[in-house]
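[1] The sequence and its predicted three-dimensional model are supplied below.
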Amino acid sequence: MDTNPDPRGPRRAIFLDRDGVINVKLGENRYVARVPEFEFLPGVIEALTILRELGFFLVVVTNQRGIAKGLMTTEDLNEVHNHMAAALGEEGVGLDAIYYCPHEADENCPCRKPSPGMILDAARDLVLDLSASYMVGDSPSDTAAGRNAGTRTVRIGSDCDDQADLAFPTLLDFARFLGKERHERDKERAEK
Ligand SMILES: [Mg+2]
Ligand SMILES: [Zn+2]
C-alpha cells in the first residue's frame, strides 16, 4: 500500500515492535517459531484499526535473533508473519510493511534495535516523515531505536520509562489517546 492513509497530512507511521506489543511474548530466550505459538494481545486489532483511521502507515519492526540462534528459519518466521498479516487483513487492518532483524547481538548489524536501521529502511522505502511518526515498544531497545531514528517514542507495558516520550499499559490505550487528541484538535478547529 503506497497511498498516504492521511492525504491531508504528512506521511507518518506507527512503528510497532511485535512481541509484547502485538502478540503475547513467550518469555526470555523463547521465540515464536510456529503459527500456533502466535497469539494476539487483547485489544490489538481495535488499536490498529484506530491508528489506521487516524492516518498512520503501520510498520512492524522486530528483532528475531532466534534465526541467528538456529531456533527457527526465515521460512518459519515468514509463515508466522503471513499468518499475522492475514489475520489482521480479515479484520480490515492492512500492515504496510514488516521488517525483521535476524542477527545476533554481537554481529553488530545496523538493523538490530536499538540501532535504527529497520526504521530508516522503512522511512526510505515508504517515504515517511520520521519526526511525525512514533516507535512503540515494550523494551528500552525499542524506545532507543526510535530516538536514534528521530521518531517520537512510546513505551507499552507496566514498567515506567523515562526515556520514552509517552507510556501506556497497552497499545489500545495509546491508540485511544491519539484518537482523543485528534478529536479535541478537530473540535478546536471547528470552533474557530
Ligand atoms: Mg518486544
Ligand atoms: Zn540485524
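    Nice, thanks for sending it over. Ligands and ions are numbered 1, 2, ... in the order given.

[2] Please work out which residues outside the longest strand belonging to the chain touch it.
    The longest strand of the chain (DSSP state E) is strand 57-63. Strand 57-63 has contacts (Cβ atoms under 8 Å, 6 or more residues apart in numbering) with 1, 4-5, 11-19, 22, 48, 51-52, 81, 93-101, 112-113, 118-119, 122, 126, 128, 135, 141, 145. C-beta coordinates here come from the backbone N, C-alpha and C atoms, glycine included.

[3] change it to 7 Å
    Residues outside strand 57-63 that contact it (Cβ atoms under 7 Å, 6 or more residues apart in numbering) are 5, 11, 13-19, 48, 51-52, 95-101, 112-113, 118-119, 122, 126, 128.

[4] Also stretch 164-180?
    21, 43-44, 46-47, 50-51, 54, 136, 143, 152-156, 158, 160-161.

[5] ok, now with 8 Å
    16, 21-22, 41-44, 46-48, 50-51, 54, 136, 143, 152-158, 160-161.

[6] Number of residues surrounding R34?
    12 (other Cβ atoms under 10 Å).

[7] typo on my end, L54
    Look at L54: counted by other Cβ under 10 Å, it has 17 neighbours.

[8] from what I can see it touches R182, true?
    Yes - contact criterion Cβ atoms under 8 Å: L54 and R182 qualify, at 5.8 Å.

[9] one step back: where's the longest strand of the chain relative to the chain centroid, distance-wise?
    Computed by Cα atoms, centre = their mean, to the nearest Å, the chain-centroid distance of strand 57-63 equals 4 Å.
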